[in-house]
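**Student:** 3D, please:
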Amino acid sequence: MMLKILFPLLFIAGLWFLIRSVGRIIEIYGGKKIMLPLDKPLPEFQLTEPGEYEIAYRRPALLGIIPTQVLYKLISLSDGRHFDVTNVTNHLGSRKDMTGSRIVPVAEFNIDAQGTYRLTIGQLPEIKKGDGLVIMKKTGSKGFLMIFAIIVSAMATIAGLVLSVLTFLDKI
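**Tutor:** Below is the predicted model of the structure:
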């Protein structure tokens, strides 16, 4: 009798955590992004809230080297301040977008006020057609951890459903 309550609760809890995990990963990667194409001069862009941001290199190819050791300079246009941009390659944060392009975080910076900014880039090794930069809130390893949360909650959902059906059929 206890199993007829325990396994459906496992199914419901697993389903609830699965929905929460998928929602969280959408929140992490679906936030506001600024796309800067590299085939023309970089435009000015607006950052609406202070905090940590990452610069990710976007390349529409499955193979090839992503330039990681590039000198980036960030300048606030309102007061002319320069912000430190640190080269940090985050392979745990690498992902693909809906077009199949690889997106690899290569640098990060921290701003203390909203405003209009300009990014300048040192010499890039080789720019391919379609390459660009994506500026977004720093994800770090949150997306990587959410993938594991999705896997664990999906396993709990499936296990709870299968064991509930077997319990109600008196097979356990």
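
**Student:** Give me the sheet partners of the lowest-mean-pLDDT helix or strand in the chain and which way each runs.
**Tutor:** Least confident helix or strand, the chain: strand 95-96 with a mean of 82, by mean pLDDT, DSSP states H and E. Here strand 95-96 is paired, per DSSP bridges, with strand 102-111 (antiparallel).

**Student:** so who does the most centrally placed residue in the chain touch?
**Tutor:** Relative to the mean C-alpha position of the chain, the nearest C-alpha, by CA atoms, centre = their mean, is the one of Y29, at 4.1 Å. Applying CB atoms under 8 Å, 6 or more residues apart in numbering, one finds that Y29 lies in contact with 95, 139, 143. For every residue, glycine as well, the C-beta is placed using N, CA and C.

**Student:** repeat for S76
**Tutor:** 82-83, 111, 113, 115-117 are the contacts of S76 under CB under 8 Å, 6+ apart.

**Student:** pLDDT score assigned to the spatially most distant residue from the centre of the chain?
**Tutor:** Most distant from the centre of the chain: D170, at 44.7 Å, with distances by CA atoms, centre = their mean. In this model, D170 is scored at 88, pLDDT.

**Student:** Can you turn the buried subset of the contacts of Y29 into a selection I can paste into ChimeraX?
**Tutor:** For the buried members of the contacts of Y29, the matching ChimeraX selection, counting by 16 or more other CB atoms under 10 Å, is:
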select :139,143
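
**Student:** Save the contacts of Y29 as TSV, and put in distance to A149 too.
**Tutor:** Listed next are the contacts of Y29 as TSV, based on distance: CB to CB, whole Å:
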residue	distance to A149
R95	16
T139	15
G143	10
